[in-house]
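Participant: Below is the sequence, then the predicted model.
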Amino acid sequence: MKIVRRRKLMDERAIPASEVGPWKERLRATADRAKHEVRALSLACRDPRIPWHAKALAGLVVAYAVSPIDLIPDFIPVIGYLDDVILVPLGIALVLRMIPREVMAECRARAAGGDAGPLADNRSTP
């Protein structure tokens, strides 16, 4: 009986779908932009016009993002994920500043068009 009452109470407190929409759409748009930027950054890192130190920093940022070793362990509440939330975007922003603008603009256009150009992997051919 308590479970049914509790579930009914939770349903009454639920936020209507009409109020959830705006932030959900912004979140989806931000995720789409991030996905597009990561694709463009991966294309840019394969470009021979990019300085070696930008490529090295990009590799370090990616390695830190996927590595199970953190500066602050994730099991520490709140602060554990704070390094991932702050350091990884800052590293990406720094790498983007090291890449020449014209190269990054070209890579963004290739990523948006779905064309990876001469650097594409031809995995569809047998």
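Facilitator: Done, it's in.
Participant: all contacts plus neighbour counts: C-alpha atoms, from now on.
Facilitator: Fine.
Participant: Can you tell me the centre-most residue of this structure?
Facilitator: Ala34 (4.6 Å; CA atoms, centre = their mean).
Participant: tell me which element it falls in.
Facilitator: In this structure, Ala34 is located in helix 17-45 according to DSSP states H and E.
Participant: tell me which residues of that helix are tucked away?
Facilitator: With burial defined by 16 or more other CA atoms under 10 Å, the residues of helix 17-45 counted as buried are 36-37, 39-41, 43-45.
Participant: Could you identify the pair within these that is furthest apart?
Facilitator: Using CA to CA, the pair of those lying farthest apart is His36 and Cys45, separated by 14.3 Å.
Participant: Quick one: the buried residues of helix 17-45 as CSV, columns for distance to Ala112 and pLDDT too.
Facilitator: Written out in CSV, the entries for the buried residues of helix 17-45 read as follows (distance: CA to CA, whole Å; pLDDT from 0 to 100):
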residue, distance to Ala112, pLDDT
His36, 7, 81
Glu37, 9, 82
Arg39, 9, 83
Ala40, 8, 86
Leu41, 12, 85
Leu43, 11, 87
Ala44, 13, 88
Cys45, 16, 87
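Participant: Thanks again, I'm all set now.
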